[in-house]
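**Student:** need a structure here:
(one chain, ligands or ions: 1)
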Amino acid sequence: MADKIIIWDIDGTKAKFHQAYLKFLNTQIKIDYGVDPKFKEEDLTTYNFEKCPAIISKANRVGLQSRWFLNCLRKFAERGGYASLQVYPGVYQTLERISSMEIPMVVITDRVNSIKSDDLLTYEALEEQRRLGYKIREDTILWYKLNFRNFFSPHQLYFADDISKVGIIKELRKACSYIILIEDSYNTAAENASISETNFSILLDRFYNSEDNSGYEPDRVLRISGNDQEQYHNLTATLEELVKQFTS
Ligand SMILES: [Mg+2]
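**Tutor:** Got it, this is the predicted structure:
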């Protein structure tokens, strides 16, 4: 049994997804719907774009109907958006430190699930959805090869698809005594920490998740604040502290 494992999320932890996608979204809505909602970073007050009150009200004001978000996200994926995201610079220093601690690392992402439709799909629509899922997988692997050649191999990447992200963590839990998840989604961080006494979540504080906790941070969810560079420095220190606890 592996003793401990570190699980990384991608978007919002390694990749600057929210900023890039917000820019894409504003442009794509102008092209597809002929209106300009002028979404801004400060409108993102919660992790899920579609649930932010300012986003909802701006979308309503320009008359956007319910499908605009999913349609644009699919176009972002289709056009290789996931292959070209910027990396948070501090990530590298944390990865170097983890490598020297010789702790196994994997990555789990919800990217494939995020472009799925809740509707009952025709065969063609289902095939189209699957094809886009493969495109996301390919682009994610490409992005890793471009940016993290020294730290990852594709077999460390898991795509939540039929099994949810937390479902995959529960499977990994069977083979590991300690789990540390690095996340930017408050809900996923809280869910992981509730699995067992030895599941910990390191939640990177972001402008879109700081209000998600309703003033309450559950046990084993460790929120890390600071500017970009400080944050990864603090993340590394927190990781070291946790690992020390596990071995004492
Ligand atoms: Mg994320």
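**Student:** gap between the two ends of stretch 216-223?
**Tutor:** 11 Å (C-alpha to C-alpha, to the nearest Å).
**Student:** Relative to the whole chain's centre, how far out is it?
**Tutor:** Relative to its parent chain, stretch 216-223 has a centroid offset of 18 Å by C-alpha atoms, centre = their mean, to the nearest Å.
**Student:** what's the answer for stretch 135-151, then?
**Tutor:** 15 Å.
**Student:** Check whether that stretch comes near the ion.
**Tutor:** No. Stretch 135-151 does not reach the ion (C-beta under 5 Å from the ion); its nearest approach is 12.7 Å. Heads up, the C-betas are built off the backbone N, CA and C, glycines and all.
**Student:** Local confidence estimate at the most centrally placed residue in the chain?
**Tutor:** Central residue of the chain (C-alpha atoms, centre = their mean): D11, 3.5 Å from the mean position. For D11, the model assigns a pLDDT of 97.
**Student:** List the contacts of it.
**Tutor:** 17-18, 85, 109, 111, 184 (C-beta atoms under 8 Å, 6 or more residues apart in numbering).
**Student:** I'd like to know how many residues surround the closest residue to L157 other than its chain neighbours.
**Tutor:** Leaving aside its sequence neighbours, L157 sits nearest to V107 (C-beta to C-beta, 6 or more residues apart in numbering; 5.0 Å). For V107, the neighbour count with other C-beta atoms under 10 Å is 21.
**Student:** cool, I29 as well?
**Tutor:** 22.
**Student:** helices or strands up against the helix or strand hosting the residue nearest to L157?
**Tutor:** Here V107 sits within strand 105-109, counting by DSSP states H and E. In terms of contacts (3 or more C-beta pairs under 8 Å, 6 or more residues apart in numbering; DSSP states H and E), strand 105-109 is packed against strand 2-8, strand 157-159, helix 165-173.
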